[in-house]
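*Asks:* Predicted model, plus sequence, below.
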Amino acid sequence: MIALFVALHVHDDALVDAHTQPVAPWIVLAALGALWATLQGVAWRSARRMDRHGSVRAAFFAQRVHAVARLLAGAALVGAIVAGGWPEAVRARVGDLIAIDEILIVSPMFAFLLAAWWTIEPVERRLKEAVLWRHLHTGATLYPPMARGLFVWHQMRHSALLVLVPLTLVSAWQETVQVAASRMAGRLPGWAFEAAAWLGVGVVLVVTPAIVRVLWDTVPISAGELRDQAVGVCRRFGVRVRGPLLWRTHGSVANAAVLGVLYPFRYMLFTDALLEGLTREQVEGVVAHEVAHVKLNHMIWLALSLFATTFAAGWALWGLEMLLRPADPRAYDGPLSLGVLALAGLVFGFVSRRFERQADAFGALHLSGDAPVVTPEAGRAMGSALEGVASLNAIPPDRFSFRHGSIGGRIAHVRGLVGLPRGSLPIDRTVRRIKLATGIVIAGTVLAYAAMHLLEHAA
């Protein structure tokens with residue numbers, strides 16, 4: 001969903017050929033339909049294999065196909081937006097209405113996600129039934145299974161709407177500012193409208209956690225040992241959050257999160273399954289992990305790394321254009337824009353995985369107390385917390401996650417920290433290099449633009 005809005009922004013800023021022949025709507029819809037039909041066939045066959053042979057590999061294969069199908073659907077629609085004239089095809093029928101046309105342009109992806117979650121639900125239900133049978137024997141908390149429609153709505157509100165709502169607000173605000181700028185041209189300087197556009201984006205990003213709290217099913221955690229534990233960790237490291245909140249997922253997700261960059265629009269959340277399934281020591285390690293993301297400004301640096309990647313790619317393309325001097329540079333804008341988006345995605349995943357490992361190390365250091373090194377007990381506790389999260393979510397330890405890496409790799413990393421001194425952890429050095437490279441690229445870009453502006457003004 002993020003890539004779709006970025007691609008639409010690239011398109012509307014005329015960074016691609018405006019005379020692209022619009023693609024026929026049925027071609028885009030047919031491509032997404034073919035992907036869904038493939039996923040439907042895989043899910044049906046996997047469910048039959050699970051029923052007949054008890055094959056958990058069939059379930060994992062269906063989940064992988066589900067993830068790949070979502071990525072391919074997003075890539076197909078991004079290509080249609082940037083190089084296929086899909087926005088022109090939509091706007092030719094509905095006009096250029098504030099926010100409405102943008103929603104309709106990305107709506108095929110939203111519909112595909114709905115259909116994909118509906119299709120994969122029988123596979124997920126069989127896995128949950130197996131876990132339910134295990135819980136009956138271990139005495140764990142039992143949650144009633146979700147109906148198919150509730151499952152789809154639960155997935156959409158916690159994934160697609162999390163992105164769609166704030167991005168739609170940002171897009172609507174920017175388009176409103178553009179309309180105001182065109183109607184009030186000459187009355188106010190151009191920089192005023194530019195500042196208003198960025199101010200609106202900042203406001204939306206700051207208040208989005210409050211919107212997410214409403215989108216998700218959350219309630220405050222009442223006073224008690226758990227609340228005191230979470231608040232104590234936050235106070236120790238000087239991190240201010242609202243909550244903690246209980247994130248009610250019907251026992252379907254074991255997770256924790258800190259949403260938001262600025263207080264008071266920053267919330268700490270724990271799912272019901274996580275609090276029921278982990279020990280108090282493991283929960284403290286998870287709390288320290290989430291606090292680390294705020295204390296070390298991971299979200300801010302993740303955004304800055306994306307900006308730096310975009311700037312670096314832009315300078316590289318500019319240098320390539322100066323070197324080759326093609327007859328029609330704009331003919332390559334579409335493919336190059338897709339390449340920049342892909343590169344930004346790869347950097348996003350790389351940086352995010354390093355930040356996750358640094359947060360794991362932060363949790364291990366916290367569990368080590370005042371010891372000058374990471375203690376074996378802390379390494380085992382943090383590793384067991386990660387193992388518990390993987391077990392509760394039925395995630396194989398070796399399964400790779402684009403944003404988090406594999407649980408097995410993270411456990412090995414945490415346990416490999418045992419005995420290392422606090423001030424010289426390898427992951428801290430890696431993150432410092434990432435931040436240094438990001439700062440150099442952004443500072444160089446700012447200085448270069450300032451120099452170009454001064455030269456133009458002098459000329």
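*Replies:* Looks like it arrived, so ask away.
*Asks:* contacts, neighbours, all on C-alpha from now
*Replies:* Noted.
*Asks:* Not counting residues beside it along the chain, what's closest to the most centrally placed residue in the chain?
*Replies:* Relative to the mean C-alpha position of the chain, the nearest C-alpha, by CA atoms, centre = their mean, is the one of residue 403, at 7.6 Å. Nearest non-adjacent residue to residue 403, counting by CA to CA, 6 or more residues apart in numbering: residue 349, 5.0 Å away.
*Asks:* where's the closest residue to residue 278 other than its chain neighbours, which helix or strand?
*Replies:* Counting by CA to CA, 6+ apart, the nearest residue to residue 278 once its immediate chain neighbours are dropped is residue 388, at 6.5 Å. Here residue 388 sits within helix 376-392, counting by DSSP states H and E.
*Asks:* Run through who's touching that helix.
*Replies:* 253-255, 273-274, 277-278, 281-283, 285-286, 360, 363-365, 367-368, 396-397, 407, 410-412, 414-415, 417-419 (CA atoms under 8 Å, 6 or more residues apart in numbering).
*Asks:* got it, and stretch 145-155?
*Replies:* The set of residues external to stretch 145-155 that reach it, using CA under 8 Å, 6+ apart, is 114, 117-118, 121, 125, 128, 249-250.
*Asks:* ok, 6 Å please
*Replies:* Outside stretch 145-155, the residues that touch it by CA atoms under 6 Å, 6 or more residues apart in numbering are 117-118.
*Asks:* can you pull the buried residues of the helix or strand where residue 214 lies?
*Replies:* If you go by DSSP H and E, residue 214 is part of helix 190-215. Using 16 or more other CA atoms under 10 Å as the test for burial, helix 190-215 gives 193, 197, 200-201, 204-209, 212-213.
*Asks:* Can you tell me which of those residues lies closest to residue 356?
*Replies:* residue 209 (20.4 Å; CA to CA).
*Asks:* mind listing what that closest one touches?
*Replies:* By CA under 6 Å, 6+ apart, the contact list for residue 209 reads 259-260.
*Asks:* mind checking the SS state of the spatially closest residue to residue 268 that is not a sequence neighbour?
*Replies:* Excluding its sequence neighbours, the residue lying closest to residue 268 (CA to CA, 6+ apart) is residue 258, at 4.4 Å. Using DSSP: H, G, I helix; E, B strand; the rest coil, the structure places residue 258 in strand.
*Asks:* Could you give the number of residues near the residue nearest to residue 403?
*Replies:* Look at residue 349: counted by other CA atoms under 10 Å, it has 17 neighbours.
*Asks:* likewise the one 5 residues further on?
*Replies:* For residue 354, the number of neighbouring residues by other CA under 10 Å comes to 20.
*Asks:* What of residue 71?
*Replies:* 11.
*Asks:* The residue nearest to residue 403 and residue 402, how far apart?
*Replies:* Using CA to CA, to the nearest Å, residue 349 is found at 6 Å from residue 402.
*Asks:* Next: residue 283.
*Replies:* Distance check for residue 283 against residue 402: by CA to CA, it reads 24 Å.
*Asks:* Comparing those two, which shows the higher neighbour count?
*Replies:* With neighbours defined as other CA under 10 Å, residue 283 and residue 402 compare such that residue 283 has more, 23 against 14.
*Asks:* mind listing what that one touches?
*Replies:* Residue 283 neighbours (CA under 6 Å, 6+ apart): none.
*Asks:* what ranges do the helices span in the stretch 351-459 of the chain?
*Replies:* 376-392, 407-415, 426-458 (DSSP state H, counting those that start in this stretch).
*Asks:* Quick check: which of the ones you listed is nearest to residue 301?
*Replies:* Among the helices of the stretch 351-459 of the chain, helix 426-458 sits nearest to residue 301 (CA to CA), with 7.1 Å.
*Asks:* So which other helices or strands are in contact with that closest one?
*Replies:* Helix 426-458 sits against helix 298-324, with contacts defined as 3 or more CA pairs under 6 Å, 6 or more residues apart in numbering; DSSP states H and E.
*Asks:* Just to check, the residue nearest to the centre of the chain is in contact with residue 348?
*Replies:* No - counting by CA atoms under 6 Å, residue 403 does not reach residue 348; the two are 7.9 Å apart.
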